[in-house]
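# Fold the following, please.
(2 chains)
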There are 2 protein chains.
Amino acid sequence: METIAKTDFVADLTKKSVDLSRWYTEVILKSQLADYWQIHGFQVLRPYGYALWENMQARLDARFKATGHRNVQFPLLMPESLLNQEAKHVEGFAPEVAWVTHAGKEELSERLAIRPTSEAIIMTMYSKWIESWRDLPMLLNQWCSVLRWEKSTRFFLRTSEFLWQEGHTAHRSAEEAQAETMRMLEIYRDFVENDLAIPVIVGQKSEAEKFAGAASTYTIESLMPDGQALQSATSHYFGDNFARAFNITFQDMDGERKFVHTTSWGLSWRAVGALIMVHGDDAGLIMPPKVAPTQVVIVPIRGDDATVVEAVARAEESLRGAFRIEVDRSDRTPGWKFNEHEMRGVPLRIEIGPRDAKNTQAVIVRRDTREKAIVAESALATEVGRLLDAIHQNLFERARTFRDAHVTEADSLVALTTGLKANPGFVIGHWCGKAECERAVKEQTGATIRCIPFDFQNGPGRCVIDGAASEKRAIFARAY
Amino acid sequence: METIAKTDFVADLTKKSVDLSRWYTEVILKSQLADYWQIHGFQVLRPYGYALWENMQARLDARFKATGHRNVQFPLLMPESLLNQEAKHVEGFAPEVAWVTHAGKEELSERLAIRPTSEAIIMTMYSKWIESWRDLPMLLNQWCSVLRWEKSTRFFLRTSEFLWQEGHTAHRSAEEAQAETMRMLEIYRDFVENDLAIPVIVGQKSEAEKFAGAASTYTIESLMPDGQALQSATSHYFGDNFARAFNITFQDMDGERKFVHTTSWGLSWRAVGALIMVHGDDAGLIMPPKVAPTQVVIVPIRGDDATVVEAVARAEESLRGAFRIEVDRSDRTPGWKFNEHEMRGVPLRIEIGPRDAKNTQAVIVRRDTREKAIVAESALATEVGRLLDAIHQNLFERARTFRDAHVTEADSLVALTTGLKANPGFVIGHWCGKAECERAVKEQTGATIRCIPFDFQNGPGRCVIDGAASEKRAIFARAY
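Below you'll find the model as predicted:
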């Protein structure tokens, strides 16, 4: 992570439109979402950042519980031998694993991996817990942090330790496990689009890009302002790969012993990085209303005026409970507060001065459009609710319009390369399915196949790379 | 942790009255609160156990937020040099620390400690974040797991990894920090007594028993059925010890640069162990209603009878939302279900059979007293609410009566030793404050000073060990 000198004034914020990368780091530090830690690639999540994560967590957790999933806490550490049990899995993760070799003064007899993900841990317990079809499906989820040692890091998007949730389920049949994989993918799409206001493309990963150990991996991909893709959540179907590696069988209704079929799915604080990049502007963050730590900030103008004090108290009273509000009674100037709360991305600001107090009205300012309106005190709660919905809608539409303007089609490698340069974003093109073609694109353009989208298919064609017959189109993009 | 052979029937449960230790382990495994992990001293928290922890967390977290604390997420790892920064702190924790020495294939230049507690991490950030009196108080809390390598372990009570919360605050003055320490101690007392139904003794730790690095440590101590004490939560006042070690200063209103005064306070899943031991009986767990994962289980009798199906649906409808309920529609016999849900400690059971359906009534059975009552359908919700309160009250009174019957007084070391043998529990006696007297008691009886209680003081006297003049009485007990 790049270190930025500490700055105290909003005015110092690098413009997003000038330098996205620098703006991104600065706005995170200035708004106090997160801070650096002494160990490379680690970050501290500060109260404002954690409040955002808590809101995201609550809304996602409610969806998991509504679909019958139950939370658990599995251990942080696993013996090396366990991680080695599924060959492709260990191949994928071992290079990033942090190893515990000593406890106190003693050297351990076998070194222990800090979980980079918990398949090997949870599958071990499944082999103990699952005995009959009555125990299935087993639908578990865990909120925790995991470690994957990274060299090139960036706040939220690539950190050596990250917060996430990982769901792990076991099923009687391949069909049921496949259906679960798709159900959770849809929950992610719904959450990211309807709560974070970020449009996504839904599809399947190529063999080269799938999760280590999975039979198939599905993804939701969002587009950042620089035209790079961000994988925002993934859902994996494992078939019976892990069941065979960890010997997880059950006695079915027909009396036969069978392998279970498993899935896993995860969303991490990368999604925080996505919403910062997608929605923010030159003045700072713009928080999507449904997860904003503070949805409304009330700023008194001439806060020492008794009529203002009373009007602010009335406004607070009418909003408290229904919305996450904050009243900034600090001794800073109103101008300073406006800048500060804009930088923090608070969706709505309410200003109340002596004239407003006298007229039993308030001024409401939208963060996204900066539109101002005068609203009668009596209509405040209704108007706030309406505006928060409108802001969500506008953020989503704005992001979709941008995204759609950055989806191009290509029918050759030249067109694909030119397309990525001329209009960085998602490029759709036919792909025959061969790994060499996928590699050729990566070598030539730096772009990877983000997914085989469920939409954007329009019948057979010719591979943009080698011209072979192709059944599917892929989405190519450079990615975070 | 002792391994118990897997058993399928409640009838196999060792009686609590016969072998507390064995009962404790068995009931945790059978009720599926937790399970063993492959690494010694680590446990898996299963859905039923996690649901309990989630309820505890929610109620405690609400109290923290109501008193202005904000949640954060600090990193899992810290460089060894950082842990070494406060001399007494490292002396206390280093022997239990798990060390990360490698990442992927590379050896690290400095080994990293997995946090045994986060003072050293958080103080480092405080030294960066705190500049002026305006930044104070800083009131943070973190929910996470920490690692302290243990040799002799037991579910929940002593595990090498445990879930907890750790609050860390910084203040302008010693007085304010001291007040915060006491405020959080009172929140713990309120939570443990009023939500977990466990009576506690509140007091201060001796020098020998205080937290490594603290100026003073305060504790709430509960009593287990075998007469051993359990430290249920602690609150530490650090004075400016950590501020000096980590150079945390602020510019005060008078323009002077001063050291902050800090506190920390924690409650872990040991509290789960306490509520299992204190409330359970020969038939299994008894969950205190306020945190019970399931407060009411409805068991249909002749569940294939259409009138029963309808009556159960009506009962479910009238309780859903207001209480955490479960309807057991499985194909097990009612008798099996009664035993199972008793073993899991569900506070109330509602039985509805054909005759109940016909008479629009239900049978309610209390887990704690096994009292049965017939209740009209229309009064169900009211009665359930009343009974849950009554169960909480009864559990608390029962535990307090037991505790009070196990508090004895001693005026000599002989009386103390005899007292601990004749009636294991808390023994109160004068203590002059000398470490040798404290050690003598430990060597002779195995008991430690649990605290200098705020209550139970009755003026000056003579130390029970050496007869020296004493101003305070201490509480002695053997402890988990």
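# all contacts plus neighbour counts: C-alpha atoms, from now on.
Fine.
# Next to chain B, which bits of chain A? Give me the list.
Proximity of chain A to chain B is confined to A:37-39, A:42-47, A:49-51, A:70-79, A:94-105, A:140, A:149, A:161 under the rule C-alpha under 8 Å from any C-alpha of the partner chain.
# Which of those fall in strands?
A:43-45, A:70-71, A:77-79, A:98-103, A:140, A:161 (DSSP state E).
# where are the low-confidence patches of chain A?
Confidence mapping of chain A against pLDDT under 70 gives the ranges A:1-11.
# Give me the longest helix you can find in it.
If you go by DSSP state H, chain A has its longest helix at helix A:380-404.
# chain center to that one, what's the gap?
Taking C-alpha atoms, centre = their mean, to the nearest Å, one finds the center of helix A:380-404 at 19 Å from the center of the full chain.
# Contacts for it, please.
A:193, A:197-199, A:223, A:278-279, A:288-290, A:295, A:315, A:318-319, A:347-348, A:362, A:366, A:368, A:375, A:425 (C-alpha atoms under 8 Å, 6 or more residues apart in numbering or on different chains).
# Neighbouring strands of the host helix or strand of A:G203 in the sheet, and parallel or not?
Using DSSP states H and E, A:G203 falls within strand A:201-204. Strand A:201-204 sits in its sheet next to strand A:216-223 (antiparallel), strand A:448-453 (antiparallel), going by DSSP bridges.
# now the angle from the longest one to helix A:380-404?
Okay, so that is strand A:216-223. Interaxial angle, strand A:216-223 versus helix A:380-404 (axes from the mean of the first three to the mean of the last three C-alpha atoms, to 10 degrees): 110 degrees.
# tally of neighbours for A:M253?
With neighbours defined by other C-alpha atoms under 10 Å in any protein chain shown, the count for A:M253 comes to 10.
# contacting residues for the residue nearest to it when sequence neighbours are not counted?
Nearest residue to A:M253, sequence neighbours excluded (C-alpha to C-alpha, 6 or more residues apart in numbering or on different chains): A:W133, at 6.5 Å. Residues near A:W133 by C-alpha under 8 Å, 6+ apart: A:172, A:250-253.
# would you turn those into TSV with secondary structure?
Output for the contacts of A:W133, formatted as TSV (DSSP: H, G, I helix; E, B strand; the rest coil):
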residue	secondary structure
A:R172	coil
A:F250	strand
A:Q251	strand
A:D252	coil
A:M253	coil
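# A:K358 against A:T307, yeah?
Yes. The pair A:K358 / A:T307 is scored as a contact, 7.3 Å apart, by C-alpha atoms under 8 Å.
# When these two are compared, which one has more neighbours?
Neighbour count, other C-alpha under 10 Å: between A:K358 and A:T307, A:T307 has more, with 19 against 12.
# of all of the stretch 151-300 of chain A, which residue lies closest to chain B?
A:E161 (7.4 Å; C-alpha to the nearest C-alpha).
# If you could redo that for the stretch 351-480 of chain A, that was the one I meant.
For the stretch 351-480 of chain A, C-alpha to the nearest C-alpha, closest residue to chain B: A:Y480, 21.6 Å.
# if we can go back for a sec, closest one of the ones in strands among the residues of chain A next to chain B to B:I122?
Among these, A:V44 lies closest to B:I122 (C-alpha to C-alpha), at 9.4 Å.
# residues contacting the closest one?
A:34-37, B:72-75.
# got it, and A:E316?
A:E316 is in contact with A:298, A:325, A:327, counting by C-alpha under 8 Å, 6+ apart.
# ok, 7 Å please
Shown in contact with A:E316 (C-alpha atoms under 7 Å, 6 or more residues apart in numbering or on different chains): no residues.
# Same check on A:G227?
Here A:G227 is in contact with A:424-425 (C-alpha under 7 Å, 6+ apart).
# Phi first, then psi, for it.
When read as degrees, to the nearest 10, the backbone of A:G227 gives phi 80, psi 10.
# Look up how far A:T219 lies from it.
Note on A:G227: its distance to A:T219, by C-alpha to C-alpha, to the nearest Å, is 18 Å.
# picking up where we left off before, in TSV, list the contacts of A:V44 along with distance to B:T382 and neighbour count.
Below are those laid out as TSV (distance: C-alpha to C-alpha, whole Å; neighbours: other C-alpha atoms under 10 Å in any protein chain shown):
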residue	distance to B:T382	neighbour count
A:A34	47	24
A:D35	50	19
A:Y36	53	19
A:W37	53	18
B:V72	39	23
B:Q73	41	21
B:F74	44	23
B:P75	47	23
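# Mind putting those residues into CSV with distance to A:G459?
Shown next, in CSV, are these (distance: C-alpha to C-alpha, whole Å):
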residue, distance to A:G459
A:A34, 46
A:D35, 48
A:Y36, 49
A:W37, 50
B:V72, 50
B:Q73, 48
B:F74, 50
B:P75, 49
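# what ranges do the helices span in the stretch 251-400 of chain A?
A:270-279, A:306-319, A:334-343, A:354-358, A:380-404 (DSSP state H, counting those that start in this stretch).
# So the closest residue to A:L82 other than its chain neighbours: helix, strand or coil?
Of all residues not flanking A:L82 in the chain, A:A120 sits nearest, at 6.2 Å (C-alpha to C-alpha, 6+ apart). Look at A:A120: counting by three-state DSSP, its state is helix.
# what's the neighbour count on A:A120?
A:A120 has 23 neighbours, counted by other C-alpha under 10 Å.
# and if you look at A:R302?
Residues near A:R302, counting by other C-alpha under 10 Å: 15.
# Leaving out chain neighbours, which residue sits closest to it?
Counting by C-alpha to C-alpha, 6+ apart, the residue nearest A:R302 is A:G353, at 6.1 Å.
# Wait, the one you found touches A:E310, no?
No. At 10.8 Å, A:G353 does not count as touching A:E310 under the criterion of C-alpha atoms under 7 Å.
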